[in-house]
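1. Pasting a predicted model and its sequence here:
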Amino acid sequence: MSKCDQCIVRQLTSLQALNKDEVIKLANSKTTYTIKKGDAIFEEGEVTNGVFCVKDGVGKLSKLSANGKDQIIKLVKSGELLGQRSMISNEPANLTAKAVADMEVCFIPKSEIIGFFNNNNQFSMKLMQSVCEDLKESENDKIALVQKTVKQRLAETLLYLHDFYGENADKTLKIQLTREELAGMIGTATESCIRLLSDFNKLELIELVGKKIVLKNVKALKKIAD
């Protein structure tokens, strides 16, 4: 069964609704890939014909803006599914998925997912709930973009990177984004992001160690984010 029954992706997603026979079928149909840092899992406009399970590593979902900049929409980690919305809607991917750190992903063909969807009511319900949660998250991000200042969004994003992805032994954030990527996440120009990071550094909220970031005053950052 290639340990599909014990996989973190199955435990945390709609795949938990599959029965034993369906898990065996899943294991026999999947293909496992190693994606190196910077490489794409799929590109915007590509027809994926299935879903990708993130077994290990961290990736980013991004959108190419009109001015040619790559804007990060969301970060993804182990235990998440990619491509489910475009598969259900029968549309090409509207985002690009790339590895921020080396990843291990499993590809499950659309034919298998649709088979589970048609024959397992619990699975279909959980899959639709997952898509709805993604849409809700997207709506919340849009609201934050309108209602919060760039300073608040930067503090919130730094806390998110710290809380969800952790830190290295030297206390630097484990996920190392470029200044351009960080600016894209908070919806501002790269120059503005760099200036705000410098301000946070002067206020001793963070420490800049080359390209890496250490959160020095989490409590104060939370106060700014709220």
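-> Good, I have the coordinates. Numbering: from 1, shown residues only.
2. Name the nearest residue to residue 73, ignoring sequence neighbours.
-> Excluding its sequence neighbours, the residue lying closest to residue 73 (Cβ to Cβ, 6 or more residues apart in numbering) is residue 61, at 4.9 Å. The way it works is simple: take the backbone N, C-alpha and C, and place the C-beta from them, glycine included.
3. Next, count neighbours for the one you found.
-> Neighbour count for residue 61, taken as other Cβ atoms under 10 Å: 21.
4. For it, list each beta-bridge partner.
-> Judged by DSSP bridges, the bridge partners of residue 61 are residue 74, residue 97.
5. burial count for residue 130?
-> Residue neighbour count, defined by other Cβ under 10 Å, stands at 18 for residue 130.
6. actually residue 200, not the one I wrote
-> A total of 24 residues lie near residue 200 under the criterion other Cβ under 10 Å.
7. about what we covered before: which residues sit in contact with the residue nearest to residue 73?
-> 72-76, 82, 95-97 (Cβ atoms under 8 Å, 6 or more residues apart in numbering).
8. Pull out the buried members of those.
-> 72-76, 82, 95-97 (16 or more other Cβ atoms under 10 Å).
9. now residue 160: how far from residue 206?
-> Computed as Cβ to Cβ, to the nearest Å, the residue 160 to residue 206 distance reads 14 Å.
10. When those two are compared, which one has more neighbours?
-> residue 206 (24 against 14).
11. That'll do, ta.
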